[in-house]
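**Q** Got a sequence here, can you build the structure:
(2 chains)
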Amino acid sequence: MNYDLLDSVNTVQTPEGVDIYLRVAGIWPRSVAWFFDLIIRGFLYAFAAFMLGQLGDFGTGLMLILFFFMEWFYPVFFEVLNKGMTPGKKFLGIQVLNGDGTPVGWSPSLLRNILRTVDFLPFFYGFGLVAMLMNDRFQRLGDLAADTIVVYVNNNIQSQSIPEYDHIKPAFNLNIKEQQAIIRYAERSQQLSDDRMIELAEILNPLDIEKGKMTKEKLLGIANGLIGR
Amino acid sequence: MKQAEFEKKYSPFWSEIEKQLRLDFKEASLNDGIADDIADDNIKVKKNKPFTAKPGTDFPEDYRLICHHLSLARTRHYSPLLVERLEKLVINAHQVFYLRKSHLLSSILIYITRDFAKSIRKEWRWVLLSAGLFFGAFFSMLITLQFYPDMVYTVISAEQLAQMESMYDPSQGKIGRERNSGSDFQMFGFYIFNNTGIGLRTFASGLMFGIGTILTLIFNGLVIGGVAGYLTFIGYGSTFWPFVSGHSAMELSAIVLSGAAGFKIGFSIISPGRKSRLLSLRDSAKEAVFMMYGIAIMFIIAGFIEAYWSSMSDIPVSIKYSVGVFNWALLLAYFLLLGRSRR
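**A** Predicted structure coming up:
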């Protein structure tokens, strides 16, 4: 596939010689994820304060230790043990990975989260935002130092099988892009309404040799032929 | 090979791998019933532990095969959805395959007995600079206050000072608060929360070309020196110095070392040598965070000593001082001697 256009897709080559495409997450999803984590943490703080408050001085000590760990290591804990996803990130469907697409370990995760302090400066993630806007992988300073990226978890691919039709030979030879467009069209036939399918097919009418004969069924037939049914 | 044939041939294999990787891949209902069974299985196994490749299984081979299939699918311009399915498989298998494993216990032991001290020694220049700034500020404030005690208000507010005064008043029976084991633990929690946080911030602010670290070190030196100097001046030294002697070694050196780690990353941006600035930062940050593990442990030990040992007021002053000196000697020996290779 061609990704020459301006896009958030990052290509990483694996040692096996295959390119994998990682879609880096921008400022908005990351902010929302952060906000979610903030709320979750807020509840945890309140809960801990309430429960441990019953235990007197000992409880206060335990609470402070807990606060320390939640302030600095809440993201680290989840990023390392939960496939790069804090609860907020999981909700938004994004995850932290090493720059080469491998899962983050303790050191990079710790580093990016300790350096969050600097990203937060001079106020409310000022440096972090500027840094994110200045590189093509939306990395804040902590990400740059730790060589980590935040990407979309690609998890929602549904196979759409192409409805079976008797295959039809197109009126002229199609090039590869055209073939792919038609197959893609056929694959989406279950997501789109019938009207929309017909409407889309209509666009191709000027191309067809026999005037006005390009219909939804014909396109699906061609698609069947192309994939070799 | 046409796409349909290709899919038919390998789809069971992919489903198998998807099952192993706990991916929920939903086959459309138009396909035959086998797909539904797989989907059901997926829901069941999903609750189990995540899949990790075990040595001896043929996972590496499977992984390479999927990579191969993805390449084929791309070069043959198969449909985007098929390519996407394979991409997803490869990405997930890639993450399982390249999961960095380590033997936690042995690496912790090696770290404490060798690598930590080594990593600090390697950065001795930054340690010296950091110590110079911190102790420079500390002692100059301490000495200045013996002559111009009012200077203390430039770094510490009057309320804080009053609080300090009441804590270390020798006329009180007990130094500090009235304490039991519960409040000792409370203070332990506070020291971890506060001091370790300061250390981590000192380190992180090094990212700003080291300037943040310089400021944090000097500021902390001035404040700590201010408290010490002022309490000494008003004659509370007899309670203050024995109190702090025990944990001073751990706590002050942990601050200094955090500064050294901060300088390391700051300097790597200022002077990257033959690397690009970004690469230089990444490399040094990796080493610096390696130092920070040990420094964080030092802060916790310091907090522990401060909460449980320093607060014991019925121990003779001479023993308190001896322990303080002993701790400094132990710490210096640790950093100077450990992990040197024997010949």
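**Q** all contacts plus neighbour counts: C-alpha atoms, from now on.
**A** Fine.
**Q** Quick check on residue A:150: phi, psi?
**A** The phi/psi pair for residue A:150 (degrees, to the nearest 10) reads phi -110, psi 120.
**Q** Now do the residue of the stretch 151-300 of chain B found nearest chain A, the pLDDT please.
**A** The minimum distance from the stretch 151-300 of chain B to chain A, using C-alpha to the nearest C-alpha, falls at residue B:186 (3.4 Å). For residue B:186, the model assigns a pLDDT of 82.
**Q** Let me see the contact set for it.
**A** Taking C-alpha atoms under 8 Å, 6 or more residues apart in numbering or on different chains, we find residue B:186 in contact with A:57-62, A:64.
**Q** Now do the domain split for the chain, please.
**A** Just going to use chain A. A:9-152, A:176-227 (automatic domain parsing).
**Q** I was thinking of chain B, sorry if that wasn't clear
**A** Split by automatic domain parsing, chain B gives B:3-97, B:104-337.
**Q** worst average pLDDT in the ones you listed?
**A** Minimum mean pLDDT among the domains of chain B: domain B:3-97, a mean of 70.
**Q** How many neighbouring residues does residue 221 have?
**A** Let's take chain A. 23 (other C-alpha atoms under 10 Å in any protein chain shown).
**Q** wait, I meant chain B there
**A** 25.
**Q** Which helix or strand contains it?
**A** Using DSSP states H and E, residue B:221 sits within helix B:211-233.
**Q** thinking again about what came up before, return the most buried member of the domains of chain A.
**A** Each of these was scored by mean neighbour count; the highest is domain A:9-152, a mean of 19, by mean count of other C-alpha atoms under 10 Å in any protein chain shown.
**Q** Any residue of that one touching chain B?
**A** Yes: on the criterion C-alpha under 8 Å from any C-alpha of the partner chain, domain A:9-152 is in touch with chain B at A:14, A:16-18, A:20-21, A:56-65, A:67-68, A:101-103, A:105, A:107-108, A:110-111, A:114-118, A:144-147.
**Q** my guess is residue B:233 contacts residue B:144, does it?
**A** No: using C-alpha atoms under 8 Å, residue B:233 is not in contact with residue B:144; the gap is 10.4 Å.
**Q** picking up where we left off before, which residues are contacting the helix holding residue B:221?
**A** B:130, B:133-143, B:145-146, B:149, B:152, B:155-156, B:161, B:164-165, B:168, B:202-206, B:237, B:240, B:255-256, B:259, B:262-263, B:266.
**Q** For the next helix or strand after that helix, buried residues please.
**A** Of the helices and strands lying after helix B:211-233 in sequence (DSSP H and E), the nearest is helix B:237-270. Of all the residues in helix B:237-270, those buried under the rule 16 or more other C-alpha atoms under 10 Å in any protein chain shown are B:237, B:239-269.
**Q** what's the angle between helix B:237-270 and helix B:211-233?
**A** Put simply, helix B:237-270 runs at 170 degrees to helix B:211-233, going by axes from the mean of the first three to the mean of the last three C-alpha atoms, to 10 degrees.
**Q** following helix B:237-270, which helix or strand shows up next?
**A** Per DSSP H and E, the helix or strand that comes after helix B:237-270 is helix B:277-305.
**Q** ok, and for the helix holding residue B:221, which residues are buried?
**A** In helix B:211-233, counting by 16+ other C-alpha under 10 Å, buried: B:212-233.
**Q** Give me the helices and strands touching the helix or strand residue B:143 falls within, please.
**A** Element membership for residue B:143 (DSSP H and E) is helix B:124-147. Applying 3 or more C-alpha pairs under 8 Å, 6 or more residues apart in numbering or on different chains; DSSP states H and E, one finds that helix B:124-147 makes contact with helix B:211-233, helix B:237-270.
**Q** which helices and strands does the longest one pack with?
**A** To tie it back to what came earlier, the one meant is helix B:237-270. helix B:124-147, helix B:197-204, helix B:211-233, helix B:277-305, helix B:317-337.
**Q** and residue A:73, which of those helices is closest to it?
**A** helix B:197-204 (11.5 Å; C-alpha to C-alpha).
**Q** quick one: that closest one to helix B:277-305, angle?
**A** Using the same axes, to 10 degrees: helix B:197-204 against helix B:277-305 is 160 degrees.
**Q** Can you get me the centre-to-centre distance for the helix or strand where residue A:77 lies and its chain?
**A** Element membership of residue A:77 [criterion: DSSP H and E] is helix A:56-81. Its chain's C-alpha centre and that of helix A:56-81 lie 29 Å apart, by C-alpha atoms, centre = their mean, to the nearest Å.
**Q** what do you get for stretch B:66-85?
**A** The answer for stretch B:66-85 is 42 Å, by C-alpha atoms, centre = their mean.
**Q** what is the spatially most central residue of chain A paired to in the beta sheet?
**A** Closest residue to the average C-alpha location of chain A: residue A:152 at 1.5 Å, with C-alpha atoms, centre = their mean. Beta bridges link residue A:152 to residue A:94, judged by DSSP bridges.
**Q** host element of residue B:314?
**A** Per DSSP H and E, there is no helix or strand for residue B:314.
**Q** Tell me how many other residues surround it.
**A** 9.
**Q** Same question for the one 3 residues further on.
**A** Using other C-alpha under 10 Å, residue B:317 is surrounded by 16 other residues.
**Q** Which residues are in contact with residue B:280?
**A** If you count contacts by C-alpha under 8 Å, 6+ apart, residue B:280 has them with B:268-269, B:272-273.
**Q** Are the helix or strand hosting residue B:107 and chain A in contact anywhere?
**A** Following DSSP H and E, one finds residue B:107 within helix B:104-110. No: using C-alpha under 8 Å from any C-alpha, helix B:104-110 stays clear of chain A, with a minimum separation of 11.2 Å.
**Q** quick revisit: surely the residue nearest to the centre of chain A touches residue A:25?
**A** Yes: contact status for residue A:152 versus residue A:25: in contact at 5.9 Å, counting by C-alpha under 8 Å.
**Q** tell me, what's touching those two both at once?
**A** Contacts common to residue A:152 and residue A:25, judged by C-alpha under 8 Å, 6+ apart, are residue A:94.
**Q** any idea what sits nearest the residue of chain A found nearest chain B, other than its immediate chain neighbours?
**A** As assessed by C-alpha to the nearest C-alpha, chain B sits closest to residue A:61 within chain A, at 3.4 Å. Once flanking residues are discounted, residue A:61 sits nearest to residue B:186: 3.4 Å by C-alpha to C-alpha, 6 or more residues apart in numbering or on different chains.
**Q** Tell me which helix or strand the one you found sits in.
**A** Using DSSP H and E, residue B:186 falls in helix B:181-191.
**Q** angle of that helix against helix B:197-204?
**A** 10 degrees.
**Q** which parts of helix B:181-191 are buried?
**A** B:182-191.
**Q** Let's have these in TSV, adding distance to residue A:170.
**A** As requested, those are exported to TSV (distance: C-alpha to C-alpha, whole Å):
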residue	distance to residue A:170
B:182	83
B:183	84
B:184	84
B:185	80
B:186	79
B:187	80
B:188	78
B:189	75
B:190	76
B:191	77
